[in-house]
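S.K.: what shape does this take:
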Amino acid sequence: MAIRAVVWDVDDTLFDYTTADREGLRAHLAAEGLLDGYGTAEQALALWREITEAQWARFAAGEVDYVTQRRDRTRIFLGRDLTDTEADDWFGRYLAHYEAAWALFPDVLPVLDALAASHRHAVLSNSSLPVQDRKLRVLGVRDRFETLLCAAELGVSKPEAAAFLAACDALGLAPHEVAYVGDHPEIDGRGAADAGLLSVWIDRGGTRATLDPPAGPRRIATLAELPALLAPDTRFGAPSSFG
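M.R.: Sure, this is the predicted structure:
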């Protein structure tokens, strides 16, 4: 059966999160006079990303709420016993620098335009609804998506099948009528495939080309490949730049 809708991940799929996070933290630490305290900017960024991933895993597992994981990220990174207000204020100043670096990937608008008439579009993110709704509005694409679902409100996160099936239910479509596009080979790629969707793993620039792709998802290097992949009768045979 033909694919009728595309459900999208946001961070590092539509939105260049890695670049914004890197440039935002670098600018924030410089403004706070903290950059030298971490050895090099690269070491500071590596520590921030490690802490972020660990705290995000706690949030995804339901151990803490969204705000608590942000506060804990700040406290651990700074190595300080901050009050909630102090942690919120520090993170808020970081957000100002981070948001100044927000941008879509250059292949996003062309593919959304190309698929606008042929497919419905929605978002499923492991973030929170206020965060991703605002982000998509600032980036000028919120109206491209009829449904926006996030783990914080759903109570379940990717790669759990229930998260992907909730997106299908919101669209009123069966899983085999829906494609999911995301940047993480396991959380997005395998998760969507195991839930019965057409799973598309966007591996920009082949940064993970040396990895064996997980069973299930199709791997593409650019969203320009997506329209051909979604064409009828190409679920198992569409070409990819990875061969």
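S.K.: I'd say Val64 and Arg70 touch.
M.R.: No - shown here, Val64 and Arg70 do not form a contact pair, counting by CB atoms under 8 Å, at 9.6 Å. In this view, the C-beta of every residue, glycine as well, is placed from N, C-alpha and C.
S.K.: now do the strands in the protein.
M.R.: Here the chain has its strands, by DSSP state E, at 5-8, 120-125, 147-150, 178-182, 198-202, 218-220.
S.K.: in TSV, list these along with distance to Ala192, mean pLDDT and mean neighbour count.
M.R.: Converted to TSV, the strands of the chain look like this (distance: least, CB to CB, whole Å; pLDDT from 0 to 100; neighbours: other CB atoms under 10 Å):
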stretch	distance to Ala192	mean pLDDT	mean neighbour count
strand 5-8	8	98	25
strand 120-125	9	98	23
strand 147-150	13	97	20
strand 178-182	4	98	27
strand 198-202	4	97	26
strand 218-220	10	94	23
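S.K.: so how far is Arg144 from the residue nearest to Thr68 when sequence neighbours are not counted?
M.R.: Distance criterion CB to CB, 6 or more residues apart in numbering; nearest residue to Thr68, sequence neighbours excluded, is Phe59 at 7.8 Å. Phe59 is 27 Å from Arg144, where distance means CB to CB, to the nearest Å.
S.K.: compare the two (neighbour count), which wins?
M.R.: Between Phe59 and Arg144, Phe59 has the larger neighbour count (other CB atoms under 10 Å), namely 23 against 19.
S.K.: gap between the more buried one and Asp113?
M.R.: From Phe59 across to Asp113, the span is 34 Å (CB to CB).
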